[in-house]
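Q: with the sequence up front, the predicted model follows.
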Amino acid sequence: MTEPEAGGQGAPDAVDLIRAKRDGRTLSAADIRWLIGAYTDGLVADEQMSALAMAVYFRGLSAGELATWTSAMVGTGRRLDLSAVPAPTVDKHSTGGVGDKVSLILAPLVASCGAAVPQLSGRGLGHTGGTLDKLEAIPGWRATVTASEFVTLLSTVGCVICAASDDLAPADRKLYALRDVTGTVESIPLIASSIMSKKIAEGTDALVLDVKVGRGAFMRERAAARELAETMVRLGADNGVRTTALLTAMDVPLGRAVGNAVEVAESVEVLAGGGPEDLVTVTLALAREMLALAGLDADPAAALADGRALASYRAMIAAQGGDPDAPLPQAAHVRTVPAPETGYLRDLDALAVGTAAWRLGAGRARKEDPVSAGAGVLCLAKPGDRVERGQPLLELRADEPGRFDRALDALRGGFEIRPEPPVLGPPVLERIALPE
Ligand code: URA
């Protein structure tokens, strides 16, 4: 049975819409458009939108409501026009993970294979880092780019990673800040509309979503991650953005480096044809998805091996004022964590390592906090490695020695050594696409 639609005659009233959603009714398209616009313009109060977000948290949104909600969010700002870019545009969005430096590698890699990668990114909050914070560890690199520079860089260098301007989906900026303080972040329709409104406004032709699953990720359960991915893939298609998703594992940190400068250094290793296997596997899987969506028949592994991806990275960094040859900032203090016994490293908890890196200064607790470029954690061993008692397992880096104790607390119980080797799961778990 379909629920009757709320609203109807006369001007919408926020309290009526809150009651309607609270009672499980479907909001009309006109009411949703009014609500999102009026909230962005300050005509609906924060406390009313909080109540509505909580009602959505419990009652959800139908597919139709969600499509309208998302396009209304896009409509509160401008949608970039990338039609002047002479290559197919394709972007990637990750829901965030520990050691997830894939964007730094992927954008120049995919650009070196012939696509244009427009990537509007954010700063980190909490235990997962932000791409802009990582790139800002590079001396001279700047995150702000004007809309016309954005198109020029895409047309010449082939990739741009920069901060989103305030006029892209401004409703999301306001609503996300509200959700953050009202316990309403963890709602699949609200997450999906938040992420997709920004990506649709960015103007990309195609999008690959990296939905992380596991204890270091936003989505701990695979079923919830799959539902989020399916919802976003559908929203992309409804808004003219060809979208697919990969579910990837986030129980252990991706690669070995967790922090800012340390993640830049590891990204350069991969771009130069080396780097940790799990990071290379996830990056290549995402690159292949992006190139397929862009309609390009290219081999990204060859671009890593023959220096094309690295050349593209150097051009991307230099175009935004960065010096790709400058030494990266180093933290003043280093401490190692030794293996307490001999055996195989069975487990390394991504959340524990992410929290440790954050406490060392690599991340921020409030959005106005500064981050330390040099702070972070290097995982000197990864699950499956054989280790000897006393061998360093983790290297902790911080600008202030007073930060080590709390980082070490976070790591307590965060790894396990056993006599027998562990059975390791694959880093790429599942692909989500609309049926052909
Ligand atoms: N990231 C976003 O951009 N929005 C959300 O709601 C959650 C994560």
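A: Looks like it arrived, so ask away.

Q: in this structure, which spans are strands?
A: Secondary structure of the chain (DSSP state E): strands at 90-94, 117-121, 159-163, 206-213, 242-249, 257-259, 333-338, 343-348, 376-379, 386-387, 392-398, 415-418, 428-432.

Q: and the residue nearest the centre of the chain, what does it touch?
A: Geometric centre of the chain, nearest residue: residue 94, 3.2 Å, by C-alpha atoms, centre = their mean. Contacts for residue 94 (C-beta atoms under 8 Å, 6 or more residues apart in numbering) come out as 100, 102, 103, 209, 210, 212. The way it works is simple: take the backbone N, C-alpha and C, and place the C-beta from them, glycine included.

Q: recalculate using a threshold of 10 Å.
A: By C-beta atoms under 10 Å, 6 or more residues apart in numbering, the contact list for residue 94 reads 100, 102-103, 106, 121, 128, 131, 195, 208-212, 217, 246, 248, 250, 254, 282, 286.

Q: what about the residue in the chain positioned nearest to the ligand, neighbour count?
A: Across the chain, no residue is closer to the ligand than residue 194, which sits at 3.4 Å (C-beta to the nearest ligand atom). Applying other C-beta atoms under 10 Å, we find 20 residues neighbouring residue 194.

Q: what sits closest to it if chain neighbours are left out?
A: The shortest distance from residue 194 to any non-neighbouring residue, by C-beta to C-beta, 6 or more residues apart in numbering, is to residue 172 (5.1 Å).

Q: hmm, that neighbour is touching residue 193, no?
A: Yes. Counting by C-beta atoms under 10 Å, residue 193 is a contact partner of residue 172 at 7.8 Å.

Q: hey, what's in contact with both of these two?
A: With C-beta under 10 Å, 6+ apart, residue 172 and residue 193 have common neighbours 36, 70, 73, 74.

Q: of those, closest to residue 426?
A: Checking the shared contacts of residue 172 and residue 193 against residue 426 with C-beta to C-beta, the nearest one is residue 70 at 31.5 Å.

Q: for that closest one, which non-adjacent residue is closest in space?
A: Using C-beta to C-beta, 6+ apart, the closest residue to residue 70 is residue 193 (4.3 Å).

Q: I figured that neighbour hits residue 60, correct?
A: No. Taking contacts as C-beta under 10 Å, residue 193 lies outside contact range of residue 60: 11.9 Å.

Q: residues contacting residue 334?
A: 374, 378, 395, 396, 397, 398, 401, 404.

Q: swap in 8 Å and give it another go.
A: Contacts of residue 334 by C-beta under 8 Å, 6+ apart are 395, 396, 397.

Q: report the beta-bridge partners for it.
A: residue 397 (DSSP bridges).

Q: pLDDT at it, what is it?
A: Note on residue 334: pLDDT of 98.

Q: same check on the one 5 residues further on?
A: Listed pLDDT for residue 339 reads 97.

Q: returning to what we had before: just give me the neighbour total for the residue nearest to residue 70.
A: When neighbours are counted by other C-beta under 10 Å, residue 193 comes out with 32.

Q: isn't it right next to residue 68, touching?
A: No. When contacts are counted by C-beta atoms under 8 Å, residue 193 is not listed as touching residue 68 (9.7 Å).

Q: give me the number of residues near the nearest residue to residue 211 once chain neighbours are set aside?
A: Of all residues not flanking residue 211 in the chain, residue 229 sits nearest, at 4.5 Å (C-beta to C-beta, 6+ apart). Counted by other C-beta under 10 Å, the residues lying close to residue 229 total 27.

Q: show me the contacts for residue 229.
A: Counted by C-beta under 8 Å, 6+ apart, residue 229 has contacts 209, 211, 245, 247, 432.

Q: same check on residue 298?
A: Contacts of residue 298 (C-beta under 8 Å, 6+ apart): 113, 114, 291.

Q: what is the nearest of those to residue 332?
A: Using C-beta to C-beta, the contacts of residue 298 come closest to residue 332 at residue 113, 39.8 Å.

Q: circling back: please identify the deepest-packed of the strands of the chain.
A: strand 257-259 (a mean of 31; mean count of other C-beta atoms under 10 Å).
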